[in-house]
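Enquirer: Predicted model and sequence follow; I will ask about them next.
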Amino acid sequence: MSVSGFLVSMHDTATPAFAVVHAARVRGIVPDDARGELASDSEFEQLERDGLVKRTARGLIATPVGLREHDSTLEAWRGDLGPVGVVAATYERFLVLNAPLKAVCSAWQRSARDEEALFSVAGQLDDYLSRVRPLISRAARDAPWFATYASRLSAAAAAVAAGDGRFVTDPQVDSFHNIWFECHEDYFVTLGRSREDEEAA
């Protein structure tokens, strides 16, 4: 059986093929409402035919074959120490913001979640957004799959500023906390690190 061009493109980290499988690896599942930001319907269908992803009732997941292809692609990408060093440097600065941002989210969950609390947390999220956006944008130059985080965080912060408190931490929407957590997980996957190792250190 010949290997399709789409399967070959999985080994190019700038293609939709890689982006879809990578998102499935990082998120665990790609819900239907998030598919449009990654690839076209025909590209998703080709990925299924190549056996890299599988459709479920909740969304797309990466198959064992897809995960193996994904791992080998990232291992090859890590062989270029220049891009890896840049992304690792942005991650170190991301970590400086990580604990304080989580504290903001925890304080929101403990608050009365009234108008005053919402106004306060909206201002804080806007501050963290302004500080993390340049880091994510710089990482995305060498790791294009980071490119969606800035716009998603901006949309969540705008929703909070408009008065929708769900977009602070609610797991049922694309909230600021959920996107931030996903970005953190992406750094682990991209750099070949683990949350357990970081916590142990």
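Expert: Received the coordinates, thanks.
Enquirer: which outside residues touch stretch 111-124?
Expert: Residues from elsewhere that reach stretch 111-124 (C-beta atoms under 8 Å, 6 or more residues apart in numbering): Val104, Ala107, Trp108, Ala157, Val160, Ala161, Gly163, Gly165, Val168. Every C-beta, even on glycine, is put in place using the N, C-alpha and C of the backbone.
Enquirer: same thing but 6 Å
Expert: Stretch 111-124 is contacted from outside by Val104, Trp108, Val160, Ala161, Gly165, Val168, using C-beta atoms under 6 Å, 6 or more residues apart in numbering.
Enquirer: Most neighbours among these, please name it.
Expert: Sorting these by how many neighbours each has (other C-beta atoms under 10 Å) puts Val168 first, at 27 neighbours.
Enquirer: What ranges does this structure have for its strands?
Expert: Assigned by DSSP state E, the chain shows strands spanning 53-55, 60-62.
Enquirer: could these go into a markdown table alongside mean pLDDT and mean neighbour count?
Expert: Below are the strands of the chain laid out as a markdown table (pLDDT from 0 to 100; neighbours: other C-beta atoms under 10 Å):
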| stretch | mean pLDDT | mean neighbour count |
| --- | --- | --- |
| strand 53-55 | 94 | 18 |
| strand 60-62 | 95 | 23 |
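Enquirer: Going by neighbour count, list what's buried in the longest helix seen in the chain.
Expert: As assigned by DSSP state H, the longest helix anywhere in the chain is helix 81-110. For helix 81-110, burial by neighbour count (16 or more other C-beta atoms under 10 Å) applies to Pro83, Val84, Val87, Thr90, Tyr91, Phe94, Asn98, Leu101, Val104, Cys105, Trp108.
Enquirer: Next, work out how far apart the first one and Ala143 are.
Expert: In this structure, Pro83 and Ala143 are separated by 7 Å, where distance is defined by C-beta to C-beta, to the nearest Å.
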